[in-house]
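# Quick one: sequence plus predicted model below, questions after.
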Amino acid sequence: MFEPLGPGDPAEISGYTLRGKLGEGGMGSVYLSHTRGGQPVALKVIRREFAQDPEFLRRFAREVQAAHRVQGAYTAAVLDSSVDGQQPWMASAYVPGPSLADAVLTHGPLPLRTVLLLTAGVAEALQSIHAADVVHRDLKPSNVLLAADGPRVIDFGIARSAEATALTGTDVRLGTPAYMSPEQAEGKPATSALDIFALGLIAYFASTGGHAFGEGDGHALLYRIVTRQPDLAACPEPLRPLIARCLAKEPGKRPVPSEIIEECHRVAAAKGMTLARGEGWWRPVTAAEDSTAPAGSVSSAQPSCEPTAPEAPQAYEPEPPQAYEPNALDPRMYFAQQAAPARFVPQPSARHSGRSGGPVAVPAVAGESDGSERAGMTPSDGSLHRLIGCLHRLFDGRHRRVATAAAAALVLLVIVTGLLTGLGVLKDQ
């Protein structure tokens, strides 16, 4: 927001080290500096030609003393000053934020509610300035800064000091022609009403980005200000009556700051809005956001970034094991029988009397119906069973599926071989 110091800029003024250049106007240059305690200040250094006029120095000292008395929420307080030396200067509180001129140039015209907040804030600043018997005389968009918590009016109380000097008769113009009142342009007695006229032009500029008296250079606009009526067609309709009153040709017909503030509240209430200012109050929002936002709220036009709670991970629950039910065709039955210790089962010769445990059922293996067939096994069959048992112990559960498949194939081979032998297809060599 500031430029580096140039070759013609001083590095230090009365103990204030200059950090950069904030701007330059008709009366001098403004630099960024800091107090010994670290507070940033805007240091305005008066041009040398003004400093050479004793009458200017006398009036400047008086006006700066009056500016010290201005205390308001919407003014940049004067903190220090000096009329001694080759270049008089005045230090005021530094306001971080763009000027109204820069904001409209960058973002375009401001919404209705923002213009009402701006107009009411500047009117309240004028209340504080006029209460200290000070007239600004150079109120314009570049002298209204948009801080995060409201507008700030700067550079008040020094323009009148230069009006009575010998420089007034030269081509040096201390005010800004496009924002002068008719009486100011005609050299009539200046009162606080000229600041109200400038406020009307500021409100029009904020809402349209233009000038109520058309386009052109400052002198052309100043001529129309004196001789013609303003054209408010481009201005939002709710603002037209207030701006028209502020731009009255006769100073006595213009409203005072308190009336302007009340009118801003009335217009806001008619639109269902309140003028409670929040941070980011001046940043433009879209028309849709401006119309749907709750009364008194300031939309940040930012999407919600509130994180959502992550879903809880699903705990793994294994399915309960299925109970194994033996099947006569399942080769695992064979391995179970081979692993079980042999035991003697007596065969009853008569029906059980009921006093003993009863008959014992023996599971049958595929191809067997009772123990008589087991007794008829051939040696080759026994060898085959021993081979299967070895295979089972070899895999021992680590490759149980492979062992099961191999055993099933062998059992199937035995059954097929037996059937073919029984049918005479295969004959022993």
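Right, received. Where do you want to start? Computed from a predicted structure; not experimentally measured.

# Would you check how far apart the residue nearest to residue 136 when sequence neighbours are not counted and residue 417 are?
With sequence-adjacent residues excluded and distances taken as CB to CB, 6 or more residues apart in numbering, residue 136 is closest to residue 156, at 4.3 Å. Every residue, glycine included, has its C-beta placed from N, CA and C. For residue 156, the distance to residue 417 (CB to CB, to the nearest Å) stands at 118 Å.

# Looking at those two now, which is surrounded by more residues?
residue 156 (28 against 14; other CB atoms under 10 Å).

# didn't the more buried one look like it was pressed against residue 75?
Yes - counting by CB atoms under 8 Å, residue 156 does reach residue 75; the two are 6.9 Å apart.

# Assumed residue 33 was part of a helix.
No - secondary structure of residue 33 (DSSP: H, G, I helix; E, B strand; the rest coil): strand, not part of a helix.

# do you know how far it is from residue 51?
Taken as CB to CB, the span from residue 33 to residue 51 is 19 Å.

# Could you do residue 223 as well?
33 Å.

# Looking at the two, which one has more neighbours?
It is residue 51, of residue 223 and residue 51, that has more neighbours when counted by other CB under 10 Å, with 20 against 14.

# With residue 83 as the reference, measure out to that one.
In terms of CB to CB, residue 51 sits 8 Å off from residue 83.

# next one: residue 416
124 Å.

# Mind checking which of these two has more residues around it?
residue 83 (18 against 11).

# In contact with the more buried one: list those residues for me.
57, 60, 61, 64 (CB atoms under 8 Å, 6 or more residues apart in numbering).

# swap the cut-off to 10 Å and go again
Contacts for residue 83 were tallied using CB atoms under 10 Å, 6 or more residues apart in numbering; they are 46, 51, 56, 57, 58, 59, 60, 61, 62, 64, 89, 90.

# What of residue 139?
122, 125-126, 129, 153-156, 159, 175-176, 179-181, 194-199, 201-202.

# same check, this time on residue 263
Going by CB under 10 Å, 6+ apart, residue 263 touches 116, 119, 120, 123, 239, 241, 242, 245, 246, 255.

# one more time with 6 Å, if that's ok
residue 242 (CB atoms under 6 Å, 6 or more residues apart in numbering).

# Helix or strand: which one has it?
Applying DSSP states H and E as the criterion places residue 263 in helix 257-270.

# Check residue 80 too.
Short version, using DSSP H and E: residue 80 is in strand 78-82.

# So residue 191: helix, strand or coil?
Under three-state DSSP, residue 191 comes out as coil.

# Skipping its backbone neighbours, what lies nearest it in space?
Excluding the flanking residues, the one nearest residue 191 by CB to CB, 6+ apart is residue 251, at 5.9 Å.

# from what I can see the one you found touches residue 192, true?
No - the criterion here is CB atoms under 6 Å, and residue 251 misses it with residue 192 at 8.8 Å.

# which residues of this protein score low on pLDDT?
Across the chain, residues meeting the criterion (pLDDT under 70) sit at 1, 157-175, 284-403, 425-429.

# can I see the domain layout of it?
Taking automatic domain parsing as the criterion, the chain consists of the domains 12-284, 377-429.

# Comparing those domains, which stretch has the densest surroundings?
Ranked by average neighbour count under the criterion mean count of other CB atoms under 10 Å, the domains of the chain are headed by domain 12-284 at a mean of 18.

# hmm, back to that, show me the contact partners of the strand holding residue 80.
By CB under 6 Å, 6+ apart, strand 78-82 touches 14, 64, 67, 68, 89, 90, 91, 92.

# what's downstream of that strand, the next helix or strand?
Using DSSP H and E, the next helix or strand after strand 78-82 towards the C-terminus is strand 89-93.

# Identify the neighbouring strands of that following strand in the sheet and state each direction.
Paired neighbours of strand 89-93 in the sheet (DSSP bridges): strand 40-46 (antiparallel), strand 78-82 (antiparallel).

# quick one: which of those strands is nearest residue 423?
Residue 423 sits nearest to strand 40-46 of all the strands paired with strand 89-93, at 112.0 Å, using CB to CB.

# which helices and strands does the helix ranked longest in the chain pack with?
If you go by DSSP state H, the chain has its longest helix at helix 400-422. Applying 3 or more CB pairs under 6 Å, 6 or more residues apart in numbering; DSSP states H and E, one finds that helix 400-422 contacts helix 379-395.
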